[in-house]
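Peer 1: sharing a model prediction with you, sequence too.
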Amino acid sequence: MYNIPCKKCSGKGVIPYFRHVNGGECFTCNGSGIQEVSKDEYSTHLENEKFRKQIEEKGNYVIYNTENDTVEYFKTEKDAVSEYGNFYCGSYGGYSCRVFYKHKHIKMNVNRGGNDFINACRQQTLIDKQNKQKERIKILNGWLKKAIENKKHADEIQELKIMIKEAEHKLQKI
């Protein structure tokens, strides 16, 4: 078994709100401030501590740039606004976030203890690229159909077929 600070009393051994019950002693850790956990829970605790330290150093306002897949951190919302301007509330990747008026490709969220927002944004960016490529293929197929109906030159038809194959290949790479 591994020891970590008690989750209920944050390692203090007492819970101030319950001073009227047994002097506020935490019943989870019996007032020791230490809790025994399994190896998995201990690993999770260490990962969370590492993440908390990063947040303290960097800030908990996460900025994700969908154009170049970069992440920035700001300590306050005011710092982010001074850098990118005003924002509106929107959503991206299934998360409620703030989108900047002048920089629509930049999304901001308050970090609540994980990389879920960043991962969701990355996933949504891939979906957006795939949809854009599918739309391009659809347009090229429409041009090809019109070219065949209008009996265009064979070299134009062949060129469109090559462009469609390249677009389909690019879609598979995404």
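Peer 2: Received it, and whenever you're ready, just let me know what you need.

Peer 1: in the protein, which spans are helices?
Peer 2: Secondary structure of the chain (DSSP state H): helices at 39-58, 77-84, 116-149, 154-173.

Peer 1: how is the chain partitioned into domains?
Peer 2: According to the domain assignment given by automatic domain parsing, the chain is divided into the following structural domains: 2-57, 59-114, 125-173.

Peer 1: what's the spacing between the shortest one and its chain's center?
Peer 2: Spelled out, that is domain 125-173. On the basis of CA atoms, centre = their mean, to the nearest Å, domain 125-173 is displaced by 32 Å from the centre of the chain it belongs to.

Peer 1: and the helices of the chain as TSV, adding distance to Gly11?
Peer 2: From N, CA and C alone the C-beta is placed, and that goes for glycine too. Shown next, in TSV, are these (distance: least, CB to CB, whole Å):
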stretch	distance to Gly11
helix 39-58	11
helix 77-84	30
helix 116-149	26
helix 154-173	49
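
Peer 1: as JSON lines, the ones you listed with mean neighbour count, distance to Cys9 and mean pLDDT would be great.
Peer 2: Written out in JSON lines, the entries for the helices of the chain read as follows (neighbours: other CB atoms under 10 Å; distance: least, CB to CB, whole Å; pLDDT from 0 to 100):
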{"stretch": "helix 39-58", "mean neighbour count": "12", "distance to Cys9": "15", "mean pLDDT": "81"}
{"stretch": "helix 77-84", "mean neighbour count": "15", "distance to Cys9": "31", "mean pLDDT": "92"}
{"stretch": "helix 116-149", "mean neighbour count": "15", "distance to Cys9": "27", "mean pLDDT": "87"}
{"stretch": "helix 154-173", "mean neighbour count": "13", "distance to Cys9": "52", "mean pLDDT": "81"}
